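> Starting from these lines, generate the structure:
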Amino acid sequence: MTTPDCGEPAGDSIVAHRPTETDMRHYYENFVPFNLLFQWLAHARVPTDDFTHREFAFEHQNGAYQRYLSFQDAAEFKNKVVRANPTRFEVGAVYSVEPKNRKTVAKSLMRPLAKELVLDIDLTDYDDVRTCCRGTAICRKCWKFVTLAVAVVDAALRHDFGVRHRVWVFSGRRGVHCWISDPRMRALRENGRRAFVEYLDVLSGGKKSRAAGPNSGVYGMKKPYHPHVERSLGLLKTHFVDVVLKEQGTWDAPDAAAALANTIPDLRLRQALLARWRAHPHTTSMDRWLDVGTLYADLAVASFDLVDWRKETILATLYPRLDVEVTRQPNHLLKAPFCVHPGTGRVCVPFDPAVRDFDPFADAPSVHGLFAQDELQWRNTGLRPGVELFRAYVSGLLKDEPRRKRARGSGDEAEAEPDGDEPSLEF
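All right, here's what the predicted structure looks like:
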């Protein structure tokens with residue numbers, strides 16, 4: 001499969017190209033599609049309360065963090081970002097008053113009214129099952145965990161929640177974000193957001209065993225499995241052997257093997273496995289996986305269902321690991337699309353998993369790579385696929401937005417916008 005040329009060597013690790021302050025100012029001035037970001041957040045081509053009453057935040061070059069910023073239109077948005085030249089800017093909730101005027105009203109009036117529903121998946125949450133990398137490091141092997149997580153979550157969004165408007169965005173280093181802009185999702189209060197993410201948070205749904213590992217809550221799930229769980233298993237089980245047993249060798253190490261044994265609910269079988277693995281400390285994960293079935297049969301274990309245990313182990317290793325708090329809190333801020341990760345210099349580009357799997361090593365341009373392709377604008381660079389995808393996404397969102405909302409503008413007397421126009425690419 002061919003991939004768009006982002007101007008970077010398609011290696012097996014993210015190479016850091018830390019941008020300077022001069023690099024960032026030039027990038028903000030010439031490459032960030034501020035008008036598209038404005039229309040996405042305003043849900044219109046003219047200013048609305050969804051934009052003017054929305055909180056933004058800047059993380060500055062000196063480490064300072066500035067909250068409760070708000071802007072009147074796309075021009076002010078761009079001008080303030082270029083002037084401040086932050087390492088990144090973040091998007092928050094829509095409030096009942098403009099955030100910059102929060103000190104002029106009672107605190108009780110400064111409450112979030114709406115915000116995109118967001119999801120956050122980070123590879124550091126897979127450190128108990130990936131062996132190739134740790135911490136902020138990633139490679140093509142462990143990125144498969146993210147690819148599978150995106151596939152599972154995206155299927156649930158489309159089939160279970162009927163989501164029409166979602167965009168996935170690379171975080172710039174080791175994860176992805178999903179922004180959901182359907183009006184009913186934006187309007188969810190904290191309890192609704194909690195219910196939404198709890199539906200997806202399968203890993204904490206069963207009987208948690210501290211000795212078995214951080215995601216052992218999946219064991220002992222209620223039967224029969226929910227249709228979402230069954231669908232997820234159907235996707236994940238075909239990758240389990242290659243990803244977990246062969247490529248990662250998740251249970252090759254003795255302490256990891258002990259953690260696997262601790263997920264076995266039958267004492268006799270658990271002890272027999274630990275004894276075998278102590279006697280053969282260099283057994284592979286594949287062999288250990290087969291040992292469970294062999295000793296289960298030899299000991300005629302009847303206290304639990306081996307098939308269910310296998311399914312739940314697949315979920316424990318491969319099912320999406322979500323940052324629940326990012327989704328649950330309506331006032332949580334998240335880095336905007338097209339920001340640059342300060343540690344890697346990579347652009348947080350949008351992608352569509354329904355079209356193709358995202359490859360951060362081939363599809364995520366760096367600021368320096370973009371400048372090498374064209375110093376003056378994005379159209380001839382590796383940023384173009386991401387901008388065009390985002391433009392199509394915003395276009396679909398605006399077409400589905402209720403006409404009264406799109407026509408409202410910044411006040412009740414705003415004139416209706418003409419229908420059928422595509423979002424502008426003027427920055």
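> Now do the strands in the chain.
Counting by DSSP state E, the chain has strands at residues 54-59, 65-69, 88-95, 112-114, 117-122, 166-170, 175-180, 334-335, 350-351.
> Switch those over to CSV; also include mean pLDDT.
Listed next are the strands of the chain as CSV, based on pLDDT from 0 to 100:
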stretch, mean pLDDT
strand 54-59, 98
strand 65-69, 98
strand 88-95, 98
strand 112-114, 96
strand 117-122, 98
strand 166-170, 98
strand 175-180, 98
strand 334-335, 98
strand 350-351, 98
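> Which among these is found nearest to Ser232?
Closest of the strands of the chain to Ser232 is strand 117-122, at 14.1 Å (criterion: Cβ to Cβ). For every residue, glycine as well, the C-beta is placed using N, CA and C.
> hmm, who's touching the closest one?
Strand 117-122 is contacted by residues 146, 149-150, 153, 171, 174-180, 182, 185-186, 188, 193, 196-197, 200, 320-323, 326-327, 332, 334 when judged by Cβ atoms under 8 Å, 6 or more residues apart in numbering.
> closest one to Pro265 among the strands of the chain?
strand 117-122 (29.2 Å).
> Can I get the strands of the chain in a markdown table including mean neighbour count?
Formatted as a markdown table, the strands of the chain follow (neighbours: other Cβ atoms under 10 Å):
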| stretch | mean neighbour count |
| --- | --- |
| strand 54-59 | 21 |
| strand 65-69 | 15 |
| strand 88-95 | 22 |
| strand 112-114 | 18 |
| strand 117-122 | 22 |
| strand 166-170 | 23 |
| strand 175-180 | 23 |
| strand 334-335 | 20 |
| strand 350-351 | 23 |
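> Nearest approach to Val387 belongs to which of those strands?
When the strands of the chain are compared (using Cβ to Cβ), the closest one is strand 350-351, at 8.4 Å.
> Buried residues of stretch 254-274, list them for me.
Within stretch 254-274, the residues that count as buried by 16 or more other Cβ atoms under 10 Å are 256-266, 269-270, 272-274.
> Next, give me the two most distant ones among those residues.
That would be Ala256 and Asp266, which, of those, are the farthest apart (Cβ to Cβ) at 20.0 Å.
> Quick one: find the helix or strand in this structure with the lowest mean pLDDT.
Here the helix or strand of the chain ranked lowest by mean pLDDT, DSSP states H and E is helix 403-408, holding a mean of 50.
> Now Pro265. Nearest residue, chain neighbours left out?
Phe304 (4.9 Å; Cβ to Cβ, 6 or more residues apart in numbering).
> Next: Met286.
Nearest to Met286 is Leu245, by Cβ to Cβ, 6+ apart, at 4.6 Å.
> That neighbour: how many residues sit nearby?
Leu245 has 20 neighbours, counted by other Cβ atoms under 10 Å.
> repeat for Lys107
8.
> How about Arg164?
Counted with other Cβ under 10 Å, Arg164 comes out at 15.
> which residues of this structure score low on pLDDT?
Applying pLDDT under 70 to the chain picks out residues 1-16, 205-216, 403-427.
> Mark out where each domain of it begins and ends.
Using automatic domain parsing, the domains assigned to the chain come out as 21-120+164-197+329-408, 202-318.
> among the ones you listed, which is the most enclosed?
Most buried of the domains of the chain by mean neighbour count (mean count of other Cβ atoms under 10 Å) is domain 21-120+164-197+329-408; its value is a mean of 19.
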